[in-house]
Structure formats: structure tokens, C-alpha cells
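# let's see this in three dimensions:
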Amino acid sequence: MTLEELTAKYIKSCEKAVAEVKLAQDIVVLDEDKIKSIIESAKQYLSDAKYYQNKNQLEKSLASVAYCEGLLDALRLLGMVEFTWPHIKERQ
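From the prediction side, this is the model:
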């Protein structure tokens with residue numbers, strides 16, 4: 001898989017996750033505003049990734065989308081948001 005293909009794959013995956021993300025029911029540690037702030041940071045990283053992709057700066061794009069994915073995954077793993085990655089569904 002080329003860097004361009006990999007970048008496009010990760011951006012598409014994050015776009016879907018960001019569109020689907022919602023707060024989990026039983027948030028204990030962080031308050032809702034802090035979680036929403038982290039989600040907004042993830043959206044900004046996704047926006048940066050698309051910007052760099054359009055500028056053909058694929059290394060920066062991939063790094064940005066990886067940050068987005070990391071923030072979303074961290075929130076998901078902590079049970080603070082709910083969504084599924086498209087590539088996980090495809091394997092099942």
C-alpha cells in the first residue's frame with residue numbers, strides 16, 4: 001500500500017468515526033466538557049490531515065490523522081465515547 005493510499009484509508013476511517021462518535025452513558029473520571037474538548041482536538045487533527053493531503057504533504061497528513069485516531073481510540077478505550085472503526089467491522 002502506498003503512502004497516499006494509506007493516508008486516504010486512515011482519513012476515511014477517522015471521518016466515519018468522528019461522524020459516529022457519541023458520549024458513553026457512564027462517564028466517571030472526566031466531565032463532559034473535557035471530553036468534548038478532546039473530540040474537538042481530534043476533529044482539528046483530521047482537518048489538518050485533509051489539508052496536508054490536498055497539499056500532497058502526505059507525511060504530515062499521516063501524522064495528523066494518526067493523532068486524530070489516537071485521541072479517539074484513547075477516549076473509546078477509556079469507555080468515554082462509543083464508535084467502531086470501519087476496518088474492524090470489515091474483518092468480522
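# please enumerate residues in contact with stretch 33-41?
Applying CB atoms under 8 Å, 6 or more residues apart in numbering, the contact partners of stretch 33-41 are V18, V21, L23, I27, L71, L72, A74, L75, M80, V81. To be clear about C-beta, it is placed using only N, CA and C from the backbone, and glycine gets the same treatment.
# which positions in that stretch come out as buried?
Across stretch 33-41, burial judged by 16 or more other CB atoms under 10 Å covers I35, I38, I39.
# from these, which has minimum pLDDT?
In terms of pLDDT, I35 ranks lowest among those, with 91.
# is Y67 in contact with Y45, as I believe?
Yes: if you go by CB atoms under 8 Å, Y67 and Y45 touch, sitting 4.3 Å apart.
# ok, the two, which is more surrounded?
Between Y67 and Y45, counting by other CB atoms under 10 Å, Y45 is the more crowded of the two (22 against 18).
# show me what contacts that one?
Y45 touches S64, V65, Y67, C68, L71, counting by CB under 8 Å, 6+ apart.
# neighbour-wise, which one of the residues you listed leads?
Sorting the contacts of Y45 by how many neighbours each has (other CB under 10 Å) puts V65 first, at 28 neighbours.
# for the residue lying closest to K50 once chain neighbours are set aside, grab the count of nearby residues.
Of all residues not flanking K50 in the chain, I11 sits nearest, at 6.1 Å (CB to CB, 6 or more residues apart in numbering). For I11, the neighbour count with other CB under 10 Å is 21.
# now do the contacts for I11.
So I11 contacts L46, A49, K50, Q53, S61, V65 (CB under 8 Å, 6+ apart).
# need the contact list for the first one.
Spelled out, that is L46. Contacts for L46 (CB under 8 Å, 6+ apart) come out as I11, C14, E15, V18, S64, V65, C68.
# kindly report the same for the fifth one.
Residues touching S61, when contacts are defined by CB under 8 Å, 6+ apart, comprise T7, I11, D48, A49, K50, Y51, Y52, Q53.
# now do the last one
If a contact means CB under 8 Å, 6+ apart, then V65 has T7, Y10, I11, C14, Y45, L46, A49 as its contacts.
# mean confidence score for stretch 82-92?
72.
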